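1. With the input below, show me the fold.
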Amino acid sequence: MANNKIKGRKESTILRELTMILERELKNDILRAVSIAEVRLTNDSEIAKVFWSFLPIQGITKELIQNELDTNIKFIRMKLSKKLDTRTVPELKFEYDTSLENANRIEEILKKVKN
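-> Residues are numbered from 1 along each chain as shown. Alright, predicted model coming up:
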């Protein structure tokens with residue numbers, strides 16, 4: 001129980017700090033369109049899956065953003081290590097958050113069933 005609270009606090013801290021890093025510390029206009037939706041730590045806190053989404057802007061695709069995140073991952077992790085009060089910083093794995101798309105699909109299906 002206490003471990004879940006600690007893990008939850010770590011996840012929310014990482015989410016908050018990553019948001020700040022992307023908004024303020026990276027000189028990358030493409031990544032400023034990114035919104036961090038969720039962070040999930042493994043039980044040993046070695047890996048953090050970071051789920052992201054973005055506001056559609058002309059010419060910016062999911063693939064382009066994923067490539068930019070992968071290219072800047074070492075810099076982002078270094079910045080994160082300076083902000084976290086922990087001995088180790090988890091390895092970051094960025095994944096596109098499909099929950100909004102899934103919710104829209106479910107809503108469309110429900111509308112069809114209703115009619």
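2. mind checking pLDDT for Met1?
-> Per-residue pLDDT puts Met1 at 56.
3. quick one: least confident helix or strand in this protein?
-> Lowest by mean pLDDT, DSSP states H and E among the helices and strands of the chain is helix 99-114, with a mean of 81.
4. and Asp70, what does it touch?
-> Asp70 is in contact with Phe94, counting by CB atoms under 8 Å, 6 or more residues apart in numbering. Every residue, glycine included, has its C-beta placed from N, CA and C.
5. Ser45: neighbour count?
-> Ser45 has 16 neighbouring residues, counting by other CB atoms under 10 Å.
6. ok, back up a step: so what touches the least confident helix or strand of the chain?
-> With CB under 8 Å, 6+ apart as the test, helix 99-114 has contacts from Ala37, Phe51, Ser53.
7. Return the member of the residues you listed nearest to Arg87.
-> The closest of the contacts of helix 99-114 to Arg87 turns out to be Phe51 (CB to CB; 25.0 Å).
8. residue contacts, that closest one?
-> Taking CB under 8 Å, 6+ apart, we find Phe51 in contact with Ile36, Ala37, Glu38, Val39, Arg40, Glu95, Tyr96, Asp97, Ser99.
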